[in-house]
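In: sequence plus the predicted model coming up.
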Amino acid sequence: MRRTAFGFVGRIARIDLSNGKVKKEHMDEKIAKRFGGGVGYAAKVLWDELRPGIDPLGADNKLIMATGPLTGTLAPNSGSYDACFKSPLTGVWGESRSGGRWGAFLKHAGYDILILEGKSKKPVYLTILDGAIEMEPADAVWGKTVSQTETIIKGEIKEPGCSVASIGIAGEKKVRFACIMNDLDRAAGRCGGGAVMGSKNLKAIAVNGHGDIAVANPDEFIKVVKAAERDIVRHPESAGFLSGTIGSFSTASHLGDLPTKYGWTGTWDKADEFHDAYLNTNYVKNRACWACVLGCGRYSESKGKWRTPPHGGPEYETAGSMTAFCLVEDTNALIRANYLCNMHGLDTISTGHMIGYAMLCYEKGLIIKEDTDGIELAWGNAEALLTMIEKIAKREGFGDVLAEGTRGAARRIGKGALDIALQVKGLEMPMHDPRSGKSLAIQYGTANRGMCHIHPQESSACEGWGYDCGLRPYGLPVVKDRSAENRDKAFMARLLQDFGVGPDILGTCKFPQFAGHTLDLYARLLSAATGWEISDKELLKLGERVNNLHRCFNIREGMRRSDDMIPPGLKQPHATGTTKGIAVTNYEQMLDDYYDLRGWDKGTGIPRRRTLDELGLSDVADELAKHVEIR
Amino acid sequence: MRRTQLDRESRFSFPVVTVHWPCKSYDAARHLPELCWRLNELSRKTRALGKPSRSRSPERARRVMVRYPKMLVVYPGRCTGCGRCSLHCSFAHEKVNNPAKARIHVVRHEPYVDSAVVCWQCGLCIQSCPIEAISRNRRTGAVVVDEERCNGCGQCQLVCPIGVITMDPTKVVALKCDLCNGDPACVKGCPYNALGYERPENGSYYRRLEPALVLGRKQMRGG
């Protein structure tokens, strides 16, 4: 890419951790135009450079920290970065977004993308200060919690204003759902990025910089930014975001969208009072990520037996998985659990899910008290929840079993434990239930990183939640019946996936999409920032191209149609609540429709050659044809 | 010799500019230049602060006060630390996205301190500048750095009591809030309404609220 790149900074740092060598490269503008930045560019790099079948926790895996062309600019909510890698939890494409300010600081320090290769012999951490990349020994911080790590590193390098992304003890112990934490409480949570970082013996990356991020057309850019700000601030949903993601706790419960007691039902009768109790006893203030217009971040503390210092969170997903999922009713326990996960660097969704899973196994008699080191894993046991989090992070005793994720744990437990697990491709179910909106079932089955509600996009949001994301002009159907299973739902899931991968490509947060940040605004922002002249339809196409590339990555790793199946647990009806009696019954038909709309082969789930050619992915198709038969 | 004096004691009084007339032993030839200077100064001040009227009614005074310089203030407790003000600032001044080139700064400190910090326009830097590159804009009340003349010596940065003067990393000149010539971009850009461009009586209320909150919190914790 040319020296004076716009939107992008135009530089990539390739860091070989085995020998500490840093190679600075220019960004390839052709790739950037085809796939955008963020997860698009990273997917292309991983597609080109990772051999299929490598060990995700070995030296061959690469960890890419990617920002997009809008990261660090005035575009709404532009503080993001995406960690992309081959996931140790699922064995396929792994991506994970985090907010905070780390991504923006990386661009100010002069790099769009970091490619971390190899494996260091000793624990190290990286400092990236205004373009200079140094590798420092991490003896002082190895084994420390995330907050200790940040404090020590900021002192060591004498940069009090820098931003640090680090792993906790869970990442060092290669817990398969360990996350990368940045700015104390922001997490690139899912898919086990922390374990990949830990496997490379890389403890932390501290960045700070004072460089410019220029845009191609400043006058147009500021005009679009102001229009976007106005639209978002005036949008009725943006007020809802001020009460945080946890503010939607009661609504989710009323919609039957809050999996309770390991998905036994979707409505938790304690949800309303739980949220009130949280606001009364724990809530401190709102805290926004970098350049955020919505400000949904919470800041909370707990007192009494489970006291914590004030810290970030909890989000809706954390609250759901730590409480309703395990039937724990104490808000202080939730805050403590969230605090422990943040300090140890654990993904709160998977951690809560695994403990709920253990509780289900315990109830069904698949594990007994001797297996669990004497911990009474009964439903609602808050003490057990907190103990298990510590044990998982340190891989002690039964925690070592749960640290393997649902698939690994089910293999260790045996006795058909995998059949009752709620997972797709090895990723645990987050806190949304497809029985409250059937397009989510398709999203869960086909999302490229596994059972995920938000990557590429939460399609149930457009059903029960009633968002339209400004997608009506692009054919988003009006949902009359949430429980219906038809082609509309498949179309909806597909459209939202292509739309929803946009922010990951551009390097912003997904939440403004719900509050008035339309596709048109994204396209105009991207055009003004990069000077590319890209329209909204082309941006949608770009999203489809990136989704297909991720899919091809998964196919090359051996994923087929059978891996897109939702777990049997979702095909059982909810026992109580507003969605009582509703189950996902016609999933295969919806999946056929989805494949049809995508242009993928119905029998195998492999993209057809014609589809890939139409998307301009002929080179990818050629490479894929070396490994599998494509029609 | 006191040449002029601003009387702004009372809330509703308009400014009175007093000129000490040299009545004893008046020598036109000797005093005329100084007199001219004083009259010139007087007219400049009255232009800047609103014309004094013959009527002293509060309504009239309030109408005059609309033209007073306003104050840029941070409303305590509303800021979430998103930093959009600093991005808007750097974009308005330099057409780039770079908080290091912003004149407004966002402090984010653990635990839970989020606040924008913005220049008070106190003017201490004016005297500190060895080459007189800093002056006060009479219309907006802003203390402005003349980028053409500034040589980046950093004296103003040393003297600034709240640390809001920084050095531009590329141009090596002092960066200081100039109130965007009376229309601050940060105020319009803040999504949480945490910044305000207030008339002095309200502005000073918010300005004294902040140290008061700090003091109050200290008292609550027992010292």
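Out: Happy to help now that I have it.

In: list the contacts of the residue in the stretch 351-500 of chain A positioned nearest to chain B.
Out: The stretch 351-500 of chain A approaches chain B most closely through residue A:470 (18.9 Å), counting by Cβ to the nearest Cβ. From N, CA and C alone the C-beta is placed, and that goes for glycine too. Taking Cβ atoms under 8 Å, 6 or more residues apart in numbering or on different chains, we find residue A:470 in contact with A:516-520.

In: what's near enough to touch residue 179?
Out: Assuming you mean chain A. A:96, A:167, A:170-171, A:187-190, A:192-194, A:345-347.

In: chain B, not that one
Out: So residue B:179 contacts B:70, B:72, B:121, B:137, B:140-142, B:197 (Cβ under 8 Å, 6+ apart).

In: so which of those belong to strands?
Out: B:72, B:197 (DSSP state E).

In: now the contacts of residue A:179 in TSV, with pLDDT?
Out: Putting the contacts of residue A:179 into TSV (pLDDT from 0 to 100) gives the following:
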residue	pLDDT
A:96	94
A:167	96
A:170	96
A:171	95
A:187	93
A:188	92
A:189	87
A:190	92
A:192	93
A:193	94
A:194	95
A:345	95
A:346	95
A:347	95
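
In: gap between the closest residue to residue A:408 other than its chain neighbours and chain B?
Out: In space, and not counting its chain neighbours, residue A:408 is closest to residue A:176: 6.7 Å by Cβ to Cβ, 6 or more residues apart in numbering or on different chains. Look at residue A:176 and chain B: by Cβ to the nearest Cβ, to the nearest Å, they are 30 Å apart.

In: was I right to think residue A:176 contacts residue A:89?
Out: Yes. If you go by Cβ atoms under 8 Å, residue A:176 and residue A:89 touch, sitting 4.6 Å apart.

In: these two: which is more packed in?
Out: Remark: of residue A:176 and residue A:89, residue A:89 carries more neighbours, 30 against 27, as counted by other Cβ atoms under 10 Å in any protein chain shown.

In: using the three-state scheme, assign the residue in the stretch 451-600 of chain A positioned nearest to chain B.
Out: Nearest to chain B, among the residues of the stretch 451-600 of chain A, is residue A:529, at 9.2 Å (Cβ to the nearest Cβ). What DSSP: H, G, I helix; E, B strand; the rest coil gives for residue A:529 is helix.

In: residues in contact with it?
Out: Residue A:529 makes contact with A:6-7, A:69-70, A:73, A:75, A:215-217, A:221 under the criterion Cβ under 8 Å, 6+ apart.

In: in helices, which of those residues fall?
Out: With helices taken from DSSP state H, the overlap with the contacts of residue A:529 comprises residue A:221.

In: now, of the contacts of residue A:529, which are buried?
Out: Buried residues within the contacts of residue A:529, counting neighbours by 16 or more other Cβ atoms under 10 Å in any protein chain shown: A:6-7, A:69-70, A:73, A:75, A:215-216, A:221.

In: just say helix, strand or coil for residue 204.
Out: Answering for chain A, as no chain was given. For residue A:204, the assignment made with three-state DSSP gives strand.

In: now the one 3 residues further on
Out: Remark: residue A:207 carries the secondary structure label strand [criterion: three-state DSSP].

In: and it, how many neighbours?
Out: 30.

In: so it is in contact with residue A:106, correct?
Out: Yes. At 5.0 Å, residue A:207 counts as touching residue A:106 under the criterion of Cβ under 8 Å.

In: got any residues that touch both of those two?
Out: residue A:128.

In: which segments of chain B make up each domain?
Out: B:1-68, B:71-220 (automatic domain parsing).

In: next, work out how far apart residue A:298 and chain B are.
Out: Distance, residue A:298 to chain B, by Cβ to the nearest Cβ: 11 Å.

In: OK, contacts around the residue lying closest to that residue once chain neighbours are set aside?
Out: Spatially, and ignoring its direct neighbours in sequence, residue A:298 is nearest to residue A:244 (4.6 Å; Cβ to Cβ, 6+ apart). Residue A:244 makes contact with A:286, A:296-298, A:315-316, according to Cβ under 8 Å, 6+ apart.
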